[in-house]
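Student: just coords:
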DNA sequence: TTGCAATTGCGAGTCATTCGCATATCTGGC
DNA sequence: GCCAGATATGCGAATGACTCGCAATTGCAA
């Protein structure tokens, strides 16, 4: 099981303190932090790390397909480690809580629809927004 | 068949020249224009109309559920009249072209997934990104 | 250990969108 | 039709997320 650091080294990406910290933050986050939160968490490990570096490193990791960037409609990007299988998100409109889910039937349907339209599916984005069923 | 203007009047929304123009632009657009394009088209009808008014009017129409705002990941919002049934979008990664599609099985599946997770589905967003299948 | 290209922190710059405010425009009641 | 007051407009400035330019620092290969 390779770590993100291993994967970076493998691709010849220079491994700096700042990058190690951002990677650590991403790996130990179980939620979907935005850049501001990532910066806040990174500063706990090194108070001198800058915002620009957070953004640059997140972009680097995104380009390397090691991190996923999501836009949940609140005007800023949120990040999570790209690990295991694909999953989609359901956003609780009352609390902002984000629930992850996987559904193979859904994935198949997406591919099928794209194919019917004459396209090879390269990426997709699905978000459900709901409120908890009361009772 | 009520027009957007009718629907606005019905809800007691004051009908101004600027709003009539924005509505006209939205109604006669077959694509998914961003605010800049809406402004450009609106200026053809009244060169003095301002950007702020475009945004304010689009927001008004969005709040009234007469216009849909989409974010296709390029950093700006795109607008379309909210008419007929719900549909999703497939974005051609090579040309940026946007294809609309509807799929009832997909809609049912979305509702089912939300329900299983204990949520009442209030909104959702699905975008497929693909490249044309070459033959 | 050294050299130099890659990376960092900083502050300034972008870009889409929103706001504050003075002016202009609606619209319901006469 | 006309008026008053509430609303909407245009303008430019403000915001907020993100990116860039640059000088100083740092990683890493030889």
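Tutor: Thanks, I have it. Since we're looking at a predicted model, the values are computed, not measured. Numbers count the residues shown, from 1 in each chain, chains lettered A, B, ... in the order given.
Student: Can you show me the strands along chain A?
Tutor: Remark: strands assigned in chain A by DSSP state E are A:67-71, A:77-81, A:88-92, A:98-101, A:119-132.
Student: what does chain A have sitting close to chain B?
Tutor: A:71, A:73, A:90, A:92-93, A:99, A:101, A:103, A:105-106, A:109-110, A:113-115, A:117-133 (Cβ under 8 Å from any Cβ of the partner chain). No exception for glycine: its C-beta is placed from N, CA and C like everyone else's.
Student: Please pick the buried ones from the residues you listed.
Tutor: A:90, A:92, A:99, A:103, A:106, A:110, A:113-114, A:117, A:119, A:121, A:124-130 (16 or more other Cβ atoms under 10 Å in any protein chain shown).
Student: what are the phi and psi values for residue A:33?
Tutor: phi -70, psi 150 (degrees, to the nearest 10).
Student: In contact with it, which residues are there?
Tutor: Residue A:33 makes contact with A:25, A:41, A:78, A:79, according to Cβ atoms under 8 Å, 6 or more residues apart in numbering or on different chains.
Student: Report the separation between it and residue A:76.
Tutor: 10 Å (Cβ to Cβ, to the nearest Å).
Student: So which residues on chain A come close to DNA strand D?
Tutor: A:9, A:14-17, A:34-36, A:51-52, A:55, A:59, A:75-77 (Cβ under 7 Å from any atom of the strand).
Student: picking that back up, Serialize the contacts of residue A:33 to a markdown table and add fields for pLDDT.
Tutor: Below are these laid out as a markdown table (pLDDT from 0 to 100):
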| residue | pLDDT |
| --- | --- |
| A:25 | 96 |
| A:41 | 96 |
| A:78 | 94 |
| A:79 | 95 |
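Student: wait, which of those is closest to DNA strand D?
Tutor: residue A:78 (8.2 Å; Cβ to the nearest atom of the strand).
Student: Share the number of residues neighbouring that closest one, please.
Tutor: When counting by other Cβ atoms under 10 Å in any protein chain shown, one arrives at 19 neighbours for residue A:78.
Student: Please identify the nearest residue in space to it, excluding sequence neighbours.
Tutor: residue A:32 (4.1 Å; Cβ to Cβ, 6 or more residues apart in numbering or on different chains).
Student: what's near enough to touch that neighbour?
Tutor: Per Cβ under 8 Å, 6+ apart, neighbours of residue A:32: A:70, A:72, A:78, A:79, A:80, A:89, A:98.
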